[in-house]
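K.L.:
need a structure here:
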Amino acid sequence: MASSDEYEIGLIENETDARLCAQVLSKEFSSLNPLGIFNKHSTEHLFENWLWPLITEVRDEKLSFLVRYRPTNEIVAAMFATDLFLYEQNQPNGYPQSSSGNPSADMFAELCHQFIHQDLPHKLESNMVIYLVAGATNSQHAGKGIASRLRSHVCQYAKHVRGFQYAFVQTSNAATRHIYTTKLNGKETSILHPKNWLRKTDDNQDGTYPFQDYDDEPIVNILVELK
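P.N.:
Next up is the predicted model:
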């Protein structure tokens with residue numbers, strides 16, 4: 001990291017900071033994330049339909065963090081996280097039981113379902129797996145080690161302060177995948193190229209390939225054993 005004095009990591013604890021963090025993530029996902037670009041989702045769409053509802057739902061768990069640039073007090077990075085057990089409990093009728101109408105959401109939900117029921121070493125319980133749902137860094141502050149430090153901090157906090165045993169993340173970005181597998185010793189439990197994903201819906205059990213023209217990074221389920 002450029003300088004530990006320049007950047008400060010802290011919990012997202014109030015609505016104002018939560019909104020600013022959702023804005024930072026929305027901007028980066030719409031402009032730099034391969035799937036976000038493919039789907040042509042605007043910053044506003046991601047904020048209103050994904051990231052703001054997400055942080056509103058999980059903020060009180062106190063597992064989500066921000067990075068603040070001290071010289072300007074600007075929030076330049078964030079990570080939204082939740083207890084995977086609670087996340088699953090809050091979506092009892094989700095994919096694959098019922099489609100959401102959003103192909104991207106259904107694809108990630110199917111992979112999450114696979115992880116919980118096939119790849120997780122133990123039966124999922126409360127306070128066992130922290131799910132790192134979404135994280136990004138302001139592109140103007142990229143290349144300074146912020147992303148690695150933030151993810152390491154969240155994992156250490158989850159283990160040593162909250163008692164989690166594992167972290168789970170789904171990546172669609174090569175740099176993020178590298179951080180989890182190389183720097184945090186994560187294990188890739190499954191890899192899916194979106195163009196090969198067959199989506200079945202409630203009214204179309206034969207299925208379609210909504211991402212057949214996608215030719216970028218795969219979706220990777222990664223399990224990190226927290227130490």
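K.L.:
could you use CA atoms for every contact and neighbour count after this?
P.N.:
Fine.
K.L.:
other SSEs contacting the lowest-mean-pLDDT helix or strand in the chain?
P.N.:
Least confident helix or strand of the chain, by mean pLDDT, DSSP states H and E, is strand 204-208 with a mean of 77. Packed against strand 204-208 by the contact rule (3 or more Cα pairs under 8 Å, 6 or more residues apart in numbering; DSSP states H and E) you find strand 199-201.
K.L.:
distance from the strand it packs on to the middle of the chain?
P.N.:
The chain centre lies 23 Å from the centre of strand 199-201; the measure is Cα atoms, centre = their mean, to the nearest Å.
K.L.:
rounded mean pLDDT for that strand, please.
P.N.:
For strand 199-201, mean pLDDT is 82.
K.L.:
list the contacts of it.
P.N.:
With Cα atoms under 8 Å, 6 or more residues apart in numbering as the contact definition, strand 199-201 has outside contacts at 98-99, 103, 106-107, 206-210.
K.L.:
can you mark which positions in that strand are buried?
P.N.:
For strand 199-201, a neighbour-count test (16 or more other Cα atoms under 10 Å) marks 199-201 as buried.
K.L.:
which parts of this structure are strands?
P.N.:
Shown for the chain, the strands assigned by DSSP state E span residues 7-11, 65-69, 74-83, 129-137, 166-171, 187-192, 199-201, 204-208, 219-225.
K.L.:
still on that earlier bit, give me the contacts around the least confident helix or strand of the chain.
P.N.:
By Cα under 8 Å, 6+ apart, strand 204-208 touches 198-201.
K.L.:
again, 10 Å this time
P.N.:
Strand 204-208 is contacted by residues 197-201 when judged by Cα atoms under 10 Å, 6 or more residues apart in numbering.
K.L.:
just the buried residues of strand 199-201 now: which is nearest residue 82?
P.N.:
Of all these, residue 82 sits closest to residue 199, with 26.1 Å by Cα to Cα.
K.L.:
residue 212 reaches residue 196, doesn't it?
P.N.:
Yes. The pair residue 212 / residue 196 is scored as a contact, 6.6 Å apart, by Cα atoms under 10 Å.
K.L.:
shared neighbours, those two?
P.N.:
Shared contacts of residue 212 and residue 196 (Cα under 10 Å, 6+ apart): none.
K.L.:
low-confidence ranges in the protein?
P.N.:
1-4, 92-100, 203 (pLDDT under 70).
K.L.:
for it, which segments are assigned as helices?
P.N.:
15-32, 34-39, 43-46, 52-58, 84-89, 103-114, 146-160, 174-178 (DSSP state H).
K.L.:
may I see the buried residues of the first one?
P.N.:
Taking 16+ other Cα under 10 Å as the basis for neighbour counts, the residues of helix 15-32 that come out buried are 18-31.
K.L.:
how big is the angle separating that helix from strand 65-69?
P.N.:
90 degrees (axes from the mean of the first three to the mean of the last three Cα atoms, to 10 degrees).
K.L.:
and helix 15-32, what does it pack against?
P.N.:
helix 34-39, helix 43-46, helix 52-58, strand 65-69, strand 74-83, strand 129-137 (3 or more Cα pairs under 10 Å, 6 or more residues apart in numbering; DSSP states H and E).
K.L.:
go with 6 Å
P.N.:
helix 34-39, helix 43-46 (3 or more Cα pairs under 6 Å, 6 or more residues apart in numbering; DSSP states H and E).
K.L.:
that helix: how far from the chain's middle?
P.N.:
The chain centroid and the centroid of helix 15-32 are separated by 13 Å under Cα atoms, centre = their mean.
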